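# coords please:
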Amino acid sequence: MVDPHLVDVVKKTLKSTKQRKFLESVELAVNLGDIDLSDPKNRIQEDILLPKGRGKPIKVGLFGSSEMAGKAKDVADLIIRPEEIEEIAENKAKAKRKLADYDFFVAEAPLMPTIGKRLGVILGTTGRMPRPIPPGSDPSMLIKNLKNSVRVRTKDKKTFHVPIGTKEMSPEDLAENLDVVLKRLISKLERGKQNIKSAYLKSTMGPSQKVM
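Below you'll find the model as predicted:
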């Protein structure tokens, strides 16, 4: 059962938000304290599967052979074959535009060195380097999970935001997603909850409500 406090915070957040002409996201803003993020081992880089999904379409791209592409054709939003990587990378501006709309990528493991060398400047700086998968495997389930996931990447910043859904989702579903994100973050911090100085919930354009 989700903490009633979280449900209450979500309800206050949704109630305080005006009606907009676009679908607003609901985000958790976290401020860390008493932690040295200059040390890479203290940084968080996690893909968190949200039990109630993102509330909007999330696009996933695949770098893979014809065999893997065939397995993923019904779930991947973009398929890039090995021979296409060099062609895409030749024009960095064009490559950036082509890949910009995709939230996650997966790739056959042997392709990772080429992707890193040719497209790392585009994907690496935005935290979207592909998740490597074994050659010949079926990436369908991984892709489906990523479409319901969020990526948390603190780098060296003590303040970061994590989308947990959209305004159209129910308070209970948003609270369940929020609960999962908080628990994962706490489990990854050296001192757990003590490393979270404060946490707030807000919609894209709305005021924030304190979570902890």
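# ok, residue 25 - contacts?
56, 163, 165, 166, 167, 203, 204 (Cβ atoms under 8 Å, 6 or more residues apart in numbering). No exception for glycine: its C-beta is placed from N, CA and C like everyone else's.
# of all the residues you listed, which two lie farthest apart?
Pairwise distances among the contacts of residue 25 were taken by Cβ to Cβ; the largest, 13.3 Å, belongs to 56 and 203.
# more crowded one of these two?
Looking at residue 56 and residue 203 with other Cβ atoms under 10 Å, you find the greater number of neighbours at residue 203, namely 20 against 12.
# which residue, other than its chain neighbours, is closest to residue 165?
Taking Cβ to Cβ, 6 or more residues apart in numbering as the measure, residue 165 lies nearest to residue 55, with 4.2 Å between them; neighbours along the chain are not counted.
# over to residue 148?
Leaving aside its chain neighbours, residue 148 sits nearest to residue 53 (4.4 Å; criterion: Cβ to Cβ, 6+ apart).
# now swap in residue 184 and tell me
Among residues not flanking residue 184 along the chain, residue 48 sits closest, at 5.1 Å (Cβ to Cβ, 6+ apart).
# now the host helix or strand of that neighbour: average pLDDT?
Counting by DSSP states H and E, the element that carries residue 48 is strand 45-49. Here strand 45-49 scores 94 as its mean pLDDT.
# the next helix or strand after that strand - contacts with which helices or strands?
Using DSSP H and E, the helix or strand that follows strand 45-49 in sequence is strand 60-63. Packing partners of strand 60-63 (3 or more Cβ pairs under 8 Å, 6 or more residues apart in numbering; DSSP states H and E): helix 66-72, strand 78-80, strand 104-108, helix 140-146.
# and the second one, what's its mean pLDDT?
When you say that, I think you mean strand 78-80. 96.
# for the last one, same thing?
Looking at helix 140-146 alone, the average pLDDT works out to 97.
# need the contact partners of that helix.
Outside of helix 140-146, the residues that reach it under the criterion Cβ under 8 Å, 6+ apart are 47, 49, 58, 60, 62, 71-72, 74-76, 103-104, 106, 131, 133.
# buried residues, stretch 75-87. List them.
75, 76, 77, 79, 80, 82, 85 (16 or more other Cβ atoms under 10 Å).
# how long is it end to end?
End-to-end distance of stretch 75-87: 24 Å, with Cα to Cα, to the nearest Å as the criterion.
# and for stretch 143-150?
With Cα to Cα as the measure, the ends of stretch 143-150 fall 13 Å from one another.
# mind listing what's buried in it?
Quick answer for stretch 143-150 (16+ other Cβ under 10 Å): 143, 146, 147, 148, 149, 150.
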